[in-house]
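1. fold the following for me, if possible:
(2 chains)
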Amino acid sequence: MSQSFDEISAQLKRRHRKSARLKWLSMGALGLAGLFLVIFFADMLGKGLPAFQQAQIRVEVTYSEQSQQLPLAAVNEDVRELVSRGWLRTLPMMMRDNPELLGSTRQEWVLADGQVDQYLKGHYTRLNDRQQAAVDALVEEGRAELKFNTTFFTRGDSKMPELAGIMSAAMGTVMTLLVTLAVSFPIGVMTAVYLEEFAPDNRLTQIIEININNLAAIPSILFGLLGLAIFISFFGVPRSSPLVGGLTLALMTLPVIIISTRTALRSVPDSIRHAAFGVGCSRWQVVRDHVLPLALPGIMTGSIIGLAQAMGETAPLIIVGMVAFIPDISASVTDAATVLPAQIFTWAGEPDRAFVEKTAGGILVLLSVLIAMNATAVVLRKKFERRW
Amino acid sequence: MNMQIAERESVAMSSQSAGQPVVRNDEANHDLSIRVRDLNLWYGQTQALKNISIDIFQKNVTALIGPSGCGKSTFLRCLNRMNDLIRGVRIEGLVEMDGRDVNESRMDEVALRRRVGMVFQKPNPFPKSIYENVAYAPRMHDLVSRKAEQDELVEKALRDAGLWNEVKDKLHQPGTSLSGGQQQRLCIARAIAVQPDVILMDEPTSALDPISTATIEDLMDKLKKQFTIITVTHNMQQAARVADYTAFFHLGELIEYNDTKTMFSNPHTKKAEDYITGRYG
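-> Residues are numbered from 1 along each chain as shown, chains lettered A, B, ... in the order given. Below you'll find the model as predicted:
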């Protein structure tokens, strides 16, 4: 006896309700994830954006013999506590570099003390009532305001928040990543090409394959220990240098690049290989002329994502000494340096409240670079993606 | 009746052992191109080819027919050692070309494939321009030195493949932008660009529409003036139309090898007759 449509519909109702419930649950999960992301970004922007502004005050600067000996004498007593002492200390050197300044007196916008900066931004400040009144007066006269913070992008780290910048960490990151790229990209790609296109399928290559997959899952701090033991202790690479950091991160990035390259190679259809073998290509010609060009977008995507991962890595760099106070911008890969996430880590541990916004500002810079790198990966993939 | 069949089988088998066709096509060329003797092939434990002996004649079309899984494609790939690419393949026996065993260790498979070209079942042009598809192999094999020479060779190969008029204005567009039939002719142009002796075709029309198929069949007829063509086909009418000789494979054995006319009008073995008349396969 067959059922009528009404009977069947009645039974289906429960199934429809179930699928509707699942749909709402998954949409809820997505919404929650999105909400967390929004809160995270809003918080970062709220805390970090003020770091891109810095209080400056307009004062009369006297460039004299006396201020060369005692920089405090360069500015009037009433504002002496309000200008950055770090900036004052740079005065003698500035005069040595620019002798024509000597003997002149100029009105200049100069960096204010970190506490003035915090006061103007409405944060907690250690300024006393008299000093606060003085700052208010300067604001009234238009002699104190928040300006774009070039110092943050041009200087290295400092113990004085108004002078602390991310340039040395950014340079360290660039050099470290260049070392990582130069080491891990060729080795990783060639390893993958060998394993995928040349190696026989035997016990040995299977063991190698399993180990590579395991390496990708090893906690990164162990790579730091390996880097310490091999590169620093055994090969004597300078500690804290982008060279040792880059090599250590290369160890970590290698499995990522190998795995993504193998996936990209595997996605090249065999018909292309057969066509190439059919016209008399040697194995290497097949790979170089036909397989690699097709796999390249996938390889690049994987490598960029691997590098982005390495860029955000801090733990292995702690071990090789790259989490350090680096006020000067390092000039070569063997100088001591630090990297962006390590700089953020250092700032996050500073007791001074002014470093909170530096920390958030640093995070914003790091995130922007990471987003830019990942976006590049997506664009590359879209651009070179071929259908056949 | 049974006696007759037994007789026919024995006639076929005895001539098979020599590798010669049972009946010769008197119009055909009888210079030897490839001589195969007692060829056995295993995929792991499975034997895919059993004691194949066959003589392939130059500048003829030889069709290999038989039901799926009978070993005809496997046999075809033995002739340019494409089976080397498959793991776990073991080959015994002689495949001789120009007095040399193609499986001997001194034989370079690149040199072999330069003389034995291949066209595949599914058109597989390189994802490069039409021009590059044809020019790539001659350049790789150092057959051309100057750009003008290369242009000339590309034009000749495309003309021989009957594709020139359709693509001469868009040589630098990707080969994959062509229609299926055009792509297959591009693959043929790519194969003949290096001036091979033999062209292997592995079901070259099975992915094509009837009109493209007819074009390719005409082309095979023209190309056999210059090349030895060995084609695998599922389509018996096609074999009857284009081939001078036809070899019938069944379960890894060469059952009958014969002049095409005789094969389709008066096959000497019961199995071939049953297959050709559509009783199985």
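
2. who are the packing partners of the strand or helix carrying residue A:115?
-> Residue A:115 belongs to helix A:114-120 when elements are defined using DSSP states H and E. Helix A:114-120 sits against strand A:53-62, helix A:129-141, strand A:144-148, helix A:354-384, with contacts defined as 3 or more CB pairs under 8 Å, 6 or more residues apart in numbering or on different chains; DSSP states H and E. For every residue, glycine as well, the C-beta is placed using N, CA and C.

3. so how far is it off the chain centroid?
-> How far helix A:114-120 lies from its chain's middle: 27 Å, per CA atoms, centre = their mean, to the nearest Å.

4. list the contacts of it.
-> The contact list for helix A:114-120 (CB atoms under 8 Å, 6 or more residues apart in numbering or on different chains) reads A:54-55, A:57, A:82, A:84, A:112, A:124-127, A:131-132, A:135, A:139, A:144-146, A:160-162, A:352-354.

5. on that earlier part again, need the helices and strands packed on helix A:114-120 in a markdown table (columns: mean pLDDT, mean neighbour count and distance to residue A:178).
-> As requested, the helices and strands packed on helix A:114-120 are exported to a markdown table (pLDDT from 0 to 100; neighbours: other CB atoms under 10 Å in any protein chain shown; distance: least, CB to CB, whole Å):
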| stretch | mean pLDDT | mean neighbour count | distance to residue A:178 |
| --- | --- | --- | --- |
| strand A:53-62 | 89 | 21 | 30 |
| helix A:129-141 | 89 | 14 | 44 |
| strand A:144-148 | 89 | 16 | 29 |
| helix A:354-384 | 88 | 17 | 14 |
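
6. a markdown table for the ones you listed, including distance to chain B?
-> As requested, the helices and strands packed on helix A:114-120 are exported to a markdown table (distance: least, CB to the nearest CB, whole Å):
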| stretch | distance to chain B |
| --- | --- |
| strand A:53-62 | 52 |
| helix A:129-141 | 66 |
| strand A:144-148 | 49 |
| helix A:354-384 | 11 |
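
7. mind checking pLDDT for residue 187?
-> Since no chain was named, I'll use chain A. Looking at residue A:187, its pLDDT is 97.

8. actually, chain B is the one I wanted.
-> For residue B:187, pLDDT reads 96.

9. try residue B:69
-> Residue B:69 carries a pLDDT score of 86 in this model.

10. what about the spatially closest residue to it that is not a sequence neighbour, how many residues nearby?
-> Leaving aside its sequence neighbours, residue B:69 sits nearest to residue B:251 (CB to CB, 6 or more residues apart in numbering or on different chains; 7.9 Å). Residue B:251 has 14 neighbours, counted by other CB atoms under 10 Å in any protein chain shown.

11. for the one 10 residues further on, same thing?
-> A total of 16 residues lie near residue B:261 under the criterion other CB under 10 Å.

12. tell me how far it lies from residue A:50.
-> Distance, residue B:261 to residue A:50, by CB to CB, to the nearest Å: 93 Å.

13. just for the stretch 1-150 of chain B, where's the confidence low?
-> Under the criterion pLDDT under 70, the flagged ranges of the stretch 1-150 of chain B are B:1-18.

14. just the angle between the helix or strand containing residue A:295 and helix A:354-384, please?
-> Under the criterion of DSSP H and E, residue A:295 resides in helix A:292-311. With axes from the mean of the first three to the mean of the last three CA atoms, to 10 degrees as the basis, helix A:292-311 and helix A:354-384 are set at 170 degrees to each other.

15. quick check: mean pLDDT of the helix or strand that helix A:292-311 is followed by?
-> Next helix or strand after helix A:292-311 toward the C-terminus (DSSP H and E): helix A:315-319. Computed over helix A:315-319, the mean pLDDT rounds to 91.

16. what's the answer for stretch A:270-285, then?
-> The predicted model gives stretch A:270-285 an average pLDDT of 93.

17. please apply the same query to stretch B:273-281.
-> Mean pLDDT, computed over stretch B:273-281, is 86.

18. ok, and for that stretch, which residues are buried?
-> By neighbour count on 16 or more other CB atoms under 10 Å in any protein chain shown, the buried set for stretch B:273-281 is B:273, B:275-276, B:281.

19. now do it: distance from first to last residue.
-> 11 Å (CA to CA, to the nearest Å).

20. ditto for stretch A:100-115
-> Counting by CA to CA, you get 32 Å between the two ends of stretch A:100-115.

21. which stretches of chain A aren't confidently modelled?
-> Counting by pLDDT under 70, chain A contains low-confidence residues at A:1, A:386-388.

22. which stretches in the stretch 151-281 of chain B count as strands?
-> Under the criterion DSSP state E, counting those that start in this stretch, the stretch 151-281 of chain B contains strands at B:198-202, B:228-232, B:245-250, B:253-259.

23. mind checking what secondary structure the residue in the stretch 1-150 of chain A that chain B sits nearest to has?
-> Nearest to chain B, among the residues of the stretch 1-150 of chain A, is residue A:30, at 36.9 Å (CB to the nearest CB). Following DSSP: H, G, I helix; E, B strand; the rest coil, we place residue A:30 in the helix state.

24. give the contact list for residue B:80.
-> A:278, B:102, B:109, B:112-113, B:116-118, B:198, B:200.

25. check the gap between it and residue B:105 for me.
-> 17 Å.

26. name the residues of the stretch 101-250 of chain A found near chain B, please.
-> Counting by CB under 8 Å from any CB of the partner chain, the positions of the stretch 101-250 of chain A adjacent to chain B are A:200-201.

27. about what we covered before: which among the contacts of residue B:80 end up buried?
-> Using 16+ other CB under 10 Å, the buried ones in these are A:278, B:102, B:109, B:112-113, B:116-118, B:198, B:200.

28. the residues you listed into CSV, with extra columns for distance to residue A:321 and secondary structure?
-> Formatted as CSV, the buried ones among the contacts of residue B:80 follow (distance: CB to CB, whole Å; DSSP: H, G, I helix; E, B strand; the rest coil):
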residue, distance to residue A:321, secondary structure
A:278, 55, helix
B:102, 62, coil
B:109, 54, helix
B:112, 59, helix
B:113, 56, helix
B:116, 62, strand
B:117, 61, strand
B:118, 59, strand
B:198, 66, strand
B:200, 63, strand
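
29. out of those, flag the one nearest to residue B:25.
-> residue B:198 (18.3 Å; CB to CB).
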